[in-house]
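Novice: give me the fold of what follows.
(one chain, ligands or ions: 2)
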Amino acid sequence: MSKAKRTKKKIKKEEITVKTEEYEFKEHKIKIKQKEKMRGLYKTKEYFKYFKLINSKKIPQKPFNELLNHFFLHNKQIPEKEKFAIKTINYYFNEKVIVIKSLIGDKMYENLDELVKHYGWYFYITGVPVGDSDVSIAVDKIERRYTSDYFKDINLSENDSDKIRITLYPLVLKPNHNCIILGLGKFNILLDCGITEHYYRFIEDYLENLPQYILEAEEDQIISNNEENEKELDNISFRPKLDAIFISHSHFDHISGLKELIKLYPDVPILSSRITLDLYLLRDSEFLKQENHDVIEDESYINVIKNVIYVENGEKIEFKNKNCYLSFFHAGHMPGALMLLAKIKNYRFLYTGDYTYWDITPFAGTRSFLKQISRPIDFLLIDAVCANEDLGDQSQQFHSLILFMEQKAEYGDSSLIGADPSSLAISFLLTFWRYFRKLQLKKGYQKRPNIYVDQMVRKNIQVINHRYEYIYGPISRLIRDKANPFNSIKMRWFDLKDLDFLRKKNNIIISHPPDLSYGIIRNIINIIGRNPHNLVFLSGAIHEQPGLDLIEGAEEIEFSETWKMPFRALLLNNFAPQLKIKLHGDKLQLTEMIKNLEPKEVCFFHQSSKKLVDVADYVKELGVEKVSVPQKRKLLILN
Ligand SMILES: [Zn+2]
Ligand SMILES: [Zn+2]
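Specialist: Ligands and ions are numbered 1, 2, ... in the order given. As a prediction, the model looks like this:
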């Protein structure tokens, strides 16, 4: 070893690569690295068990090259398919550890005992990295027009002494549509953009008639306050325009209108997190039609990306006016989701977007970030999708689901989970992975299921893996410090072209969407759903057939006129209806939000006012002065 390397070794505690070679097995090339100073990650309970065994039984440690030749050329226990799936082998001579990075490793796992006894080395079998995100790379290639300093030159009022009027204008109040205009003096920002073309003209209408709407709203205020006052229209001397669009997260009902809207307003800055932008492209069916994803071809996407100003948790966008800014906080709900706080002098307005308070998933909920927001909040505009529900203890819900699956794994049966590919699917994957891994490491559990995800879930994971530093909570810690679940041998992805694995035993398959409306999950349920020993759970929003039929008790799934199949598996949705896993705050989480933020006024969105009557009363009981529901295209003056 050279002197330079030795000094490096002294300074750095991290492991070092001593030698890199290539091994060729029937024209399949495998990278071999000799390493020293093994990472703590590999020192599992299992490792110590085998290390002890090797020493106590005085099993001779086979020279590495001899082992390699024997393993690949003569070991009949390990099928060729697995040998070909190996991409990299690292070995640590002193620790007697061989790390095998492979796409599949079932037989190696099964025969671990034999391998150790035969070769005198411990085999740590792990997966190959989930891969880089093409989409994130492509997005990063595009130069953006604005920086976060852009707003520093923007004045919210004509002059600094003017009061800055804060207004809300709900463009649409319909399921699957979210778009509210927030007015901050002269500045108009869309809170989300979940609209169809039909609604664009209402934005124009708002901009044209804003002075009139303000006057009407003021008159309403005067009447309701019994004031006598003459208001005049001339207190607005500017021509309102659309100044910014905030995208809270990448779900369709918050982003559907963005691409078309940018065609109408090509200069408008878009505020969004990195993950939201990447996942938006990934979800867009037009973008998915592109042959390659490492370059963005369509001009209309480029126009969106150009205008984006990245905002992340804790960041501030300041205006020219003193003490006026926007800031952003994690909203839970899904990776990349943010809340928006508008601080205008002493007034605080908070828009939650869709949120979860608890760390329901391995992505942290709002709970950890509310401390950073100064209170009281004057106006809280909050997601009410589940506000009238009691979802119970969500970690308990996840746990019940896992117990069902553990039972299935006991007999080698399979489970299919249908979920949104960007949020719940990943939460499930991580939660299952952690649970079964712990079981294996602590109790030597042998029946750890393979967790399979479809390519869309994998692509979402690649984005998260790529942008993990912007995610908080257990997941970012896992990726950074410990075992990266996405590189685990027990986490795999599959292609529509190769569904052979469905015939194997003991799998958990996570695919999308929960209403079974796409091809791939239909092919999977067509096999998994016929067997009465298997388990199926459809989680999240189910709006379409045939998933809808199934949870209503149908015994047959009808995909088309010519394609029907009997459904015999255990459908958990009906078998255990108390099991509710949703990525929106329920009544209890709403209560926590209110306790923490001390809002003076609460206004709901994302749920019809009819369903919220009881919730509104309840929120008042919590001590909130005023509770309101937005009215369609009626301007509300907040201050
Ligand atoms: Zn959402
Ligand atoms: Zn939503």
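Novice: near ligand 2, which residues of this structure are found?
Specialist: Residues of the chain found near ligand 2, taking Cβ under 5 Å from the ion as the criterion, are Asp253, Asp354. C-beta here means a position set from N, CA and C on the backbone, and glycine is covered the same way.
Novice: quick one: the helices in the stretch 501-639 of the chain?
Specialist: All helices of the stretch 501-639 of the chain, identified by DSSP state H, counting those that start in this stretch, fall at 519-528, 547-551, 572-575, 587-597, 613-621.
Novice: quick check: end-to-end length of stretch 32-45?
Specialist: Using Cα to Cα, to the nearest Å, the end-to-end distance of stretch 32-45 comes out at 25 Å.
Novice: so how far is that stretch from its chain's centroid?
Specialist: Centroid displacement of stretch 32-45 relative to its chain, using Cα atoms, centre = their mean, to the nearest Å, is 31 Å.
Novice: thinking again about what came up before, same list (the helices of the stretch 501-639 of the chain) but as JSON lines, adding distance to Gln397 and mean pLDDT.
Specialist: Compiled in JSON lines, those are given as follows (distance: least, Cβ to Cβ, whole Å; pLDDT from 0 to 100):
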{"stretch": "helix 519-528", "distance to Gln397": "22", "mean pLDDT": "94"}
{"stretch": "helix 547-551", "distance to Gln397": "17", "mean pLDDT": "94"}
{"stretch": "helix 572-575", "distance to Gln397": "11", "mean pLDDT": "96"}
{"stretch": "helix 587-597", "distance to Gln397": "13", "mean pLDDT": "97"}
{"stretch": "helix 613-621", "distance to Gln397": "21", "mean pLDDT": "95"}
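Novice: show me what contacts the residue in the stretch 1-150 of the chain that ligand 1 sits nearest to?
Specialist: Of the stretch 1-150 of the chain, the residue with the smallest distance to ligand 1, taken as Cβ to the ion, is Val135 at 19.2 Å. By Cβ atoms under 8 Å, 6 or more residues apart in numbering, the residues touching Val135 are Asp278, Leu281, Leu282, His293, Lys459, Gln462, Val463.
Novice: same thing but at 10 Å, please
Specialist: Residues in contact with Val135 (Cβ atoms under 10 Å, 6 or more residues apart in numbering) are 277-282, 287, 293-294, 296, 459-460, 462-463, 466.
Novice: now render the helices of the stretch 501-639 of the chain as JSON lines, adding mean neighbour count and distance to His28.
Specialist: Converted to JSON lines, those look like this (neighbours: other Cβ atoms under 10 Å; distance: least, Cβ to Cβ, whole Å):
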{"stretch": "helix 519-528", "mean neighbour count": "19", "distance to His28": "29"}
{"stretch": "helix 547-551", "mean neighbour count": "19", "distance to His28": "41"}
{"stretch": "helix 572-575", "mean neighbour count": "16", "distance to His28": "41"}
{"stretch": "helix 587-597", "mean neighbour count": "19", "distance to His28": "51"}
{"stretch": "helix 613-621", "mean neighbour count": "15", "distance to His28": "61"}
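Novice: now tabulate those in TSV and tack on distance to Asn639.
Specialist: Formatted as TSV, the entries for these read as follows, by distance: least, Cβ to Cβ, whole Å:
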stretch	distance to Asn639
helix 519-528	48
helix 547-551	44
helix 572-575	45
helix 587-597	17
helix 613-621	20
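Novice: with distance to ligand 1 added, can I get the ones you listed in JSON lines?
Specialist: Conversion of the helices of the stretch 501-639 of the chain to JSON lines gives the following (distance: least, Cβ to the ion, whole Å):
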{"stretch": "helix 519-528", "distance to ligand 1": "20"}
{"stretch": "helix 547-551", "distance to ligand 1": "18"}
{"stretch": "helix 572-575", "distance to ligand 1": "20"}
{"stretch": "helix 587-597", "distance to ligand 1": "15"}
{"stretch": "helix 613-621", "distance to ligand 1": "19"}
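Novice: among those helices, which is nearest Tyr357?
Specialist: For those, proximity to Tyr357 was assessed by Cβ to Cβ; helix 587-597 is nearest, at 3.7 Å.
Novice: thought Val629 was touching Ser609?
Specialist: Yes - when contacts are counted by Cβ atoms under 10 Å, Val629 is listed as touching Ser609 (4.0 Å).
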